[in-house]
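Undergrad: whatever this is, show me its structure:
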Amino acid sequence: MQQRSLGGIQVGSIGLGGMPMSIEGRPDEDRSIRTIHAALDAGVTLIDTADAYHRDADEVGHNESLIAKALASYGSDTSGILVATKGGHLRPGDGSWTLNGHPDYLKEAARASLSRLGGDAIDLYQFHRPDTEVPYEDSIGALKDLLDEGVIRMAGISNATTDQIRKANQILDGKLVSVQNQFSPAFRSSQDELRYCGENGIAFLPWSPLGGIQKAGGLGESFAPFQEAADKHGVSPQQICLAWELALAPTVIPIPGASRPESITDSAKASELQLSSEEIDALSATA
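TA: You can find the predicted model right below:
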């Protein structure tokens, strides 16, 4: 698999989003572990999770624990696998989402995540979503403290505007390594943030890069040019979508969610798919 830089570390250009393996409609644990193992077999070296990726109120960190179990049972060296997690977004257990960007909470959540994931420090810790009740500077300040204390190796942010990216990088003394925003053929409002990250050497991690759990399978039906390109190349429209996103900037690393080994195996192949400039322009023009 082709490589891209994340904070100076080379990772596979396609990552794995863990959320579908832990929320509503999730598969059984055996299939989830086989999915993670299939990702590693395909050359994936970045796995993204969050403490809020769980279904029930009493299982905070379900996906983090699942990933730790899968890595421990892989049977081969996993020292090159980078696990990124997030804090500041919570699920009470009723399907809703709440926010807590208070510095004390983020520090507590990060230490709890580290306990579940294991190791000496979290590879990449990301502030999940801005909390309007807490000054953004205070939340990012918690990430800086976690860096200084060695609890985390790298810091990132999620669901951020361009101004918030600038502000976070300033607070972190230029050490912001990633931005994780929603981006897909159906959701392009983060185009400016993607472009800014590309111009400033910050990894941009599109979440739901195929349109989300419910829509990924019908991507080719919803966006005909992606299906046409897939037919031309003899691949899935999902591969075309990920290859298109990779072509938008050298810092883009899509993290498609998966709950089946076949899905992530197919997605990983997008790393080697080359699209022409004409194809990229046509896909970018698709509304």
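Undergrad: ranges for the helices of the stretch 151-287 of the chain?
TA: 162-171, 191-200, 219-222, 224-233, 237-248, 261-268, 277-284 (DSSP state H, counting those that start in this stretch).
Undergrad: poorly predicted segments of this structure, please.
TA: Within the chain, the ranges that satisfy pLDDT under 70 run 287.
Undergrad: do that again at 90, thanks
TA: 91-96, 213-215, 286-287 (pLDDT under 90).
Undergrad: report back the residue of it that's furthest from centre.
TA: K232 (28.7 Å; CA atoms, centre = their mean).
Undergrad: is it true that A168 touches A160?
TA: Yes: with contacts counted by CB atoms under 8 Å, A168 reaches A160, the gap being 6.9 Å. Heads up, the C-betas are built off the backbone N, CA and C, glycines and all.
Undergrad: coming back round to it: output the helices of the stretch 151-287 of the chain in a markdown table, with distance to E133 appended to each entry.
TA: Below are the helices of the stretch 151-287 of the chain laid out as a markdown table (distance: least, CB to CB, whole Å):
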| stretch | distance to E133 |
| --- | --- |
| helix 162-171 | 16 |
| helix 191-200 | 23 |
| helix 219-222 | 36 |
| helix 224-233 | 40 |
| helix 237-248 | 33 |
| helix 261-268 | 37 |
| helix 277-284 | 37 |
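Undergrad: deepest-packed of those helices, please.
TA: helix 237-248 (a mean of 24; mean count of other CB atoms under 10 Å).
Undergrad: what sits against the closest residue in space to L176 that isn't next to it in sequence?
TA: The shortest distance from L176 to any non-neighbouring residue, by CB to CB, 6 or more residues apart in numbering, is to N169 (4.0 Å). The neighbours of N169, taking CB atoms under 8 Å, 6 or more residues apart in numbering as the test, are K175, L176, N200, I202.
Undergrad: again, but for G220
TA: Contacts here follow CB under 8 Å, 6+ apart; on that basis G220 touches F226, Q227, A230, S236, P237.
Undergrad: can you get me a residue count around the closest residue to G17 other than its chain neighbours?
TA: Residue nearest to G17 in three dimensions, not counting chain neighbours: G257, with 3.8 Å by CB to CB, 6+ apart. Neighbourhood size, G257 [other CB atoms under 10 Å]: 23.
Undergrad: G257 against P20, yeah?
TA: Yes: with contacts counted by CB under 8 Å, G257 reaches P20, the gap being 4.4 Å.
Undergrad: ok so, going back, just the closest of the contacts of N169 to C241, please.
TA: I202 (22.0 Å; CB to CB).
Undergrad: enumerate every residue touching the closest one.
TA: I165, N169, L176, V177, S178, V179, Y196, T251.
Undergrad: what does stretch 87-94 rub up against?
TA: Residues from elsewhere that reach stretch 87-94, judged by CB under 8 Å, 6+ apart: 50-52, 54-58, 60, 97-101, 105-106, 109-110, 113, 125-129, 131, 139.
Undergrad: alright, that wraps it up for me.
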